[in-house]
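Below is the structure, and that's it, no one-letter string:
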């Protein structure tokens, strides 16, 4: 039998030993389900912040225009309209809403007064606590009421400051409209030149990070198997050199079914970056994880130590790798963890090169650690 | 009874053997969790010197309009805290973006000011990292769109005013009129906080962000910590269980002994983690409003944390019972932590989710745990949350008993 | 003598276990190694098999040092440890497929060694569900996949029933008759009786031993310093 066929036979049999476990098989089945569920829910109305809006005068055209923009715009700030100021405040108190925006009657007059005299307090903003997210939400509010506010300022300037008092409202609006220059000032682009997709939901965004962590865990869990197989000398008939490299293959076999499930999950959840890119990233990530897991296993003399590392790694990855947000802590840990490279590659194709370098660096490290472990096992045998 | 006490002692001994590395894991986990909490708290604090979102601005050195725009935006009260615009070279901007030091950068094309003078627009390009659909990226994009809208509306007004002045006041310089209007905008409208009458209602009735994340991180800690205990479960002898069962020490006694031993480990871990968290919170001054100015003792807080910890402990025990191998056990434990943690709001606050997902997450064990812990922090009672916690606890223990009985009989 | 094990030394840290152990054997020999627990019997076997590295000495097979020639060792020597190194989750057949070429496997199951060992009777059974005797037979079957010249066995029939013991020892007999060489660590009287040479390991060295069937005498000799 040729070497290639032998390799695939071993690969199949090592995989078979895993997939015979119903619990192991459940994991690749549950991953796409979880992702699909999150993707489905992400299409529903949701927001990072919720603002309850109340219009004291529902007929006020200015207030209605602002409210319409807030309620129907595409934003991660979700707005809901309520029937009374107290109801809005109650939503904030109870935690259902983060802020209440209460528009007084005759918002147009309020803007005029602001433009003319600098009078404030036109909109009541009720919040539970003052934090950075709510400050940002006020930016959003301002942007939504700015067209009307800007017109009020424009009118005040022309009529009162420049003294052009004979302009009708219609003429003012015509002059305002005549200043139109462009629909948008800023266009978006990605630094690596890839096509811009302004879609995608913040709800599905962390999925890639969570799933990459799950993949790494598959490799780590496979390492626990390897301890048992070492104890039982299951591969004693393999030549020594192949025995050293076998654990990496075992980790890869443990990771491939979940990796396929992860790709399916990413495709379903809308964070898909294209087949070519996703496959390339996965082809680098899986071996990197396998070698990383093997290095850890070689450095942990006992199964208990190795098992103890797993939750620490999980939390470290959640904290230091850009799973939810990129917390730039300046620590070198994120250059050691495989998911860090994988996630940075998902943000920019230019990060593929560092990942390749990382993979290349892992190869000799893995070989070195395997030898160290062999010596360690030799010493341990004497203690038995 | 001799068998029961012997078996119980055996399980305690097995658990005790794991204590050294379990404590090391706990302290490391707690330190990492506290670090995450510290970062979240710092990002939430009002630090005048550091903007939340840094955006680079790249353009021709001769384009003074860029500096003017940056100065104008920078003089606003709130923008100092939410957006920081910094002038820089393109190479520097690309490097900072790659390293994650800035969220993105605006590239103002050459001749932008001249084109503006003639009423034309050369588009400004906002560069960011691809693939970013997370909260930070979405927020930044919206803010950039907001800035774009502000600028365009202002332009609208300025050009419109110039047209009106040209038509109606031919003796007056339209350009100067336009400049004056820009100054009005700069000094008047952009000082927008004056528009609002801000009321702070306080956090008495619901959790603050810090309090919320205290509950979330605690539950996540418990769920992830269980993975480190896999040796306790993987080395159990199933044959021994069958033999003991035939000698009269059935599933309830076996499960009870093992569960209590596992629980001892968890309580020890919580105590160690709690101590470390307390030290770090005090040392770094992380304010958790619910813990300040209250009469709550540490003991009462720990008591409050106990039922959700018990419930999660029972769930982990059940998952270990159901797993026939270490590999699947570890994966199931993590999947449990990840799925429940995500859906119950331990990562993103549940307020981020749509209504349906929020309701579903609230029904999960970790969802009830969050509510229970949250009520505890607010010194309120939540009977529904308590009922959910105890229901799940009994359900998981019951299922574990069932699985063990079946295995002992097979 | 085709197999010459010379001056094998092995230390675990500062503790010496083997201090110049050695023996000789020819094809058709069955070498038995006796000794109390912890004297280095399994260690010696594992060194010859290449599982452990020696601190000194050599193991010559037809003049070539097996300890320095991994590929020759892989072709020449097969080792069956005391436990049963099988992949529990796989069937007996799948365990064999890991080590045999497909055609060789088929042939051996039809008319070869695997048939002789009776492995064809439980091919589809999962390794975890096999009895002790079946597992040992399967382990031996896996070990001899490369048709080795030397078979190293660590207590091959320990804890097996008599019928199974006989089956395995019959196989060993046919292996020897075909020119194979057996080296086994043993505590079993029946196994002892099949050995053509016996060595007792004492103080890290192998001393030839003559066993005349006196079990009590053997125990006394094992116990004496």
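Yes, it's here. Note that the structure is a prediction, hence the values are computed from the model and not measured.

Only C-alpha atoms from now on, for both contacts and neighbour counts.
OK.

Now name the helix or strand holding the closest residue to residue B:273 other than its chain neighbours.
Closest residue to residue B:273 apart from its sequence neighbours, by Cα to Cα, 6 or more residues apart in numbering or on different chains: residue B:30 at 5.3 Å. Per DSSP states H and E: residue B:30 is located in helix B:19-44.

With residue C:217 instead?
Assigned by DSSP H and E, residue C:217 falls in helix C:215-223.

Quick check: buried residues in that helix?
residue C:218 (16 or more other Cα atoms under 10 Å in any protein chain shown).

Centre of the chain to that helix, how far?
Centroid separation between helix C:215-223 and its chain, computed with Cα atoms, centre = their mean, to the nearest Å, is 23 Å.

ok, now stretch A:109-122?
Relative to its chain's centre, stretch A:109-122 lies at 41 Å (Cα atoms, centre = their mean).

Kindly report the same for stretch B:155-171.
Its chain's C-alpha centre and that of stretch B:155-171 lie 50 Å apart, by Cα atoms, centre = their mean.

what about that stretch, average pLDDT?
Averaging pLDDT along stretch B:155-171 gives 89.

who's in contact with that stretch?
Under the contact criterion Cα atoms under 8 Å, 6 or more residues apart in numbering or on different chains, stretch B:155-171 has outside partners A:150-151, A:154, A:158, A:164, A:175-181, B:119, B:172-175, B:177-179, B:181-182.

Spell out which parts of the stretch 1-150 of chain A neighbour chain C.
Taking Cα under 8 Å from any Cα of the partner chain as the contact definition, the stretch 1-150 of chain A meets chain C at A:1, A:9, A:10, A:13, A:16, A:17, A:18, A:20.

circling back to that earlier point, any idea which helix or strand comes after the helix holding residue B:30?
Going down the chain from helix B:19-44, the next helix or strand is strand B:53-58, by DSSP H and E.

Run through the neighbouring helices and strands of that next one.
When contacts are defined as 3 or more Cα pairs under 8 Å, 6 or more residues apart in numbering or on different chains; DSSP states H and E, strand B:53-58 sits against strand B:83-87, helix B:90-98, strand B:104-107.

on that earlier part again, how much space between the residue nearest to residue B:273 and residue B:218?
9 Å (Cα to Cα, to the nearest Å).

neighbour count winner among those two?
residue B:30 (27 against 22; other Cα atoms under 10 Å in any protein chain shown).

And the residue nearest the centre of chain C?
When Cα atoms, centre = their mean is applied to chain C, the residue found nearest the centroid is residue C:153 (1.5 Å).

Bridge partners for that residue, pull those for me.
Counting by DSSP bridges, residue C:153 forms beta bridges with residue C:80, residue C:184.

was I right about it contacting residue C:84?
No - using Cα atoms under 8 Å, residue C:153 is not in contact with residue C:84, being 11.4 Å away.

Show me the shaky parts of chain C.
For chain C, residues meeting the criterion pLDDT under 70 lie at C:225.

Quick one: list the elements packing against the helix ranked longest in it.
In chain C, with assignment by DSSP state H, the single longest helix is helix C:162-177. The contact analysis (3+ Cα pairs under 8 Å, 6+ apart) places helix C:162-177 against strand C:181-185.

hmm, 10 Å instead?
Helices and strands touching helix C:162-177, by 3 or more Cα pairs under 10 Å, 6 or more residues apart in numbering or on different chains; DSSP states H and E, are strand C:30-34, helix C:113-116, helix C:132-143, strand C:150-154, strand C:181-185, helix C:189-194.

Can you give the contact residues for it?
Helix C:162-177 has contacts (Cα atoms under 10 Å, 6 or more residues apart in numbering or on different chains) with C:27-30, C:113-114, C:116-118, C:132-134, C:136-137, C:140, C:148-151, C:156-160, C:178, C:180-182, C:190-191, C:194.

can you map out the helices along chain A?
Using DSSP H, helices in chain A cover A:3-19, A:22-42, A:61-72, A:85-94, A:107-117, A:132-156, A:169-178, A:207-232, A:240-269, A:275-299, A:303-320, A:338-347, A:352-383.

re earlier: and which of the residues of the stretch 1-150 of chain A next to chain C is nearest to chain C?
The closest of the residues of the stretch 1-150 of chain A next to chain C to chain C turns out to be residue A:17 (Cα to the nearest Cα; 5.0 Å).

Might you report the residue contacts of the spatially closest residue to the closest one that is not a sequence neighbour?
Nearest residue to residue A:17, sequence neighbours excluded (Cα to Cα, 6+ apart): residue C:89, at 5.0 Å. Shown in contact with residue C:89 (Cα under 10 Å, 6+ apart): A:13-14, A:16-21, C:95, C:126-129.

what helices or strands is the helix holding residue B:30 leaning on?
Applying 3+ Cα pairs under 10 Å, 6+ apart, one finds that helix B:19-44 makes contact with helix A:132-156, helix A:303-320, helix B:2-17, helix B:209-225, helix B:251-284.

Now do the third one and helix B:251-284, the angle between them.
Between helix B:2-17 and helix B:251-284, the angle formed by their directions is 30 degrees, by axes from the mean of the first three to the mean of the last three Cα atoms, to 10 degrees.

okay, now the domains of chain A?
The record assigns chain A these domain ranges, following automatic domain parsing: A:3-41+A:201-383, A:49-177.

Give me the mean pLDDT for the longest one.
So the one you mean is domain A:3-41+A:201-383. Mean predicted confidence for domain A:3-41+A:201-383 is 86.

Likewise for the shortest one?
When the per-residue pLDDT values of domain A:49-177 are averaged, the result is 88.

Now which of the contacts of stretch B:155-171 would you call buried?
Buried, going by 16+ other Cα under 10 Å: A:150-151, A:154, A:158, A:164, A:175-176, A:178-181, B:174-175, B:177-178, B:181-182, out of the contacts of stretch B:155-171.

Right, I'll call it a day here.
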